[in-house]
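Q: Here's a sequence, model it:
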Amino acid sequence: ESLFPVFGGQPIFGLEGSDQALSNHEKGLEFARKTKDRFFIGCALDWLVYHTVWKTNGLEDKDEIAQLAKAVIQYVQDAREQFSRISFISPRADLAWIEASPADSSMWLAGMETDPKKKRDLTERAMKAAPDMLRKAERSGYPEVMMYAHGVFGAIISVLAKTETKCDEKKKLLEQALQHKKENVAMTEQLTPLLYWNRGITQESLARIKSDLAEISDDPETRKNLLQEVALSRENSLELLIK
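A: Numbering: from 1, shown residues only. Presented below is the predicted three-dimensional model:
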């Protein structure tokens, strides 16, 4: 019963990315397979995606990360296969929405890549796939998924902007990223008012993009206004994270 893909229900089987969580969901998958119920099998695989991605966040060994990345890709494929047979779209989009691949997976791999060229290539691949991810999110009808998709889209564009050397192109990218982040922040405030940590993180993401825009602005007044907004967003972020 605990395998249901409830948004915010990830702590049920252990802390994010912990060995306990992974072990429990692997056991859950075993039981789900015995039922031959595609919904439960897909849900178990979906949660394994979530916790395996979380596990990589604390790792530095490239070989171990690569091994886990392969596992994630396989879990994603298997979960989507199970859900597609019953015309179900996963509403679990708090991390690594299975329908967001390859936009999400490319961005995730880019975040762990240290080689600048490979990082840029992966980010560009994520950028090409991002519009399709957003369309899928909108078609899903899940508000939380749309919130997630705007957040990921904004993150992809802002990372790509950091690699851009032409000032005009960088500004254009950052302005696009800002629009997606504003959507993400507005939906986070509306849909998850009591998830203070998530709200704080989105405010900080918004502040980073505005800060990058302020850095490249030629107009002193525009720069001043942007930095004031950055300060306010960071203050709000800290208050929410502490809360």
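Q: Please look at Ser211 and Val230 and confirm they touch.
A: Yes: taking C-beta atoms under 8 Å as the definition, Ser211 is a contact partner of Val230 at 4.9 Å. Where you see a C-beta, it was placed from the backbone N, CA and C, and this is true even at glycine.
Q: now this protein, which segments are flagged as low pLDDT?
A: In the predicted model, the chain carries pLDDT under 70 at residues 6-14.
Q: how about stretch 52-66 as CSV, C-alpha atoms only?
A: What follows is stretch 52-66, C-alpha atoms only, in CSV (Å, rounded to 0.1, in the frame of the first residue of the first chain):
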residue,chain,number,x,y,z
THR,A,52,18.7,6.0,-6.6
VAL,A,53,19.0,9.5,-8.0
TRP,A,54,19.2,10.8,-4.4
LYS,A,55,21.9,8.4,-3.5
THR,A,56,24.2,9.8,-6.3
ASN,A,57,24.1,13.2,-4.7
GLY,A,58,26.4,12.1,-1.9
LEU,A,59,28.9,10.3,-4.1
GLU,A,60,32.2,11.3,-5.7
ASP,A,61,33.4,8.1,-7.2
LYS,A,62,32.7,8.3,-11.0
ASP,A,63,32.5,4.6,-11.5
GLU,A,64,29.9,4.2,-8.8
ILE,A,65,27.9,7.1,-10.1
ALA,A,66,28.0,5.7,-13.6
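Q: what's the neighbour count on the nearest residue to Glu183 once chain neighbours are set aside?
A: Nearest residue to Glu183, sequence neighbours excluded (C-beta to C-beta, 6 or more residues apart in numbering): His150, at 4.2 Å. Close neighbours of His150, defined as other C-beta atoms under 10 Å, add up to 23.
Q: Quick check: His150 touching Gln176?
A: No: using C-beta under 8 Å, His150 makes no contact with Gln176, being 11.4 Å away.
Q: Please enumerate the shared neighbours of those two.
A: Residues touching both His150 and Gln176 (C-beta atoms under 8 Å, 6 or more residues apart in numbering): there are none.
Q: Return the set of buried residues in the helix or strand hosting Leu173.
A: Of the helices and strands defined by DSSP states H and E, Leu173 is found in helix 167-191. Residues 170-171, 173-174, 176-178, 180-181, 183-185, 187-188 are the ones in helix 167-191 that count as buried (16 or more other C-beta atoms under 10 Å).
Q: Equivalent analysis for stretch 138-148, please.
A: Buried residues in stretch 138-148 (16+ other C-beta under 10 Å): 140, 142-148.
Q: how far does it sit from the chain's center?
A: 13 Å (C-alpha atoms, centre = their mean, to the nearest Å).
Q: Between the two ends of it, how far is it?
A: 11 Å (C-alpha to C-alpha, to the nearest Å).
Q: unless I'm mixing things up, Ile216 is touching Asp168, no?
A: No: with contacts counted by C-beta under 8 Å, Ile216 stays clear of Asp168, the gap being 9.3 Å.
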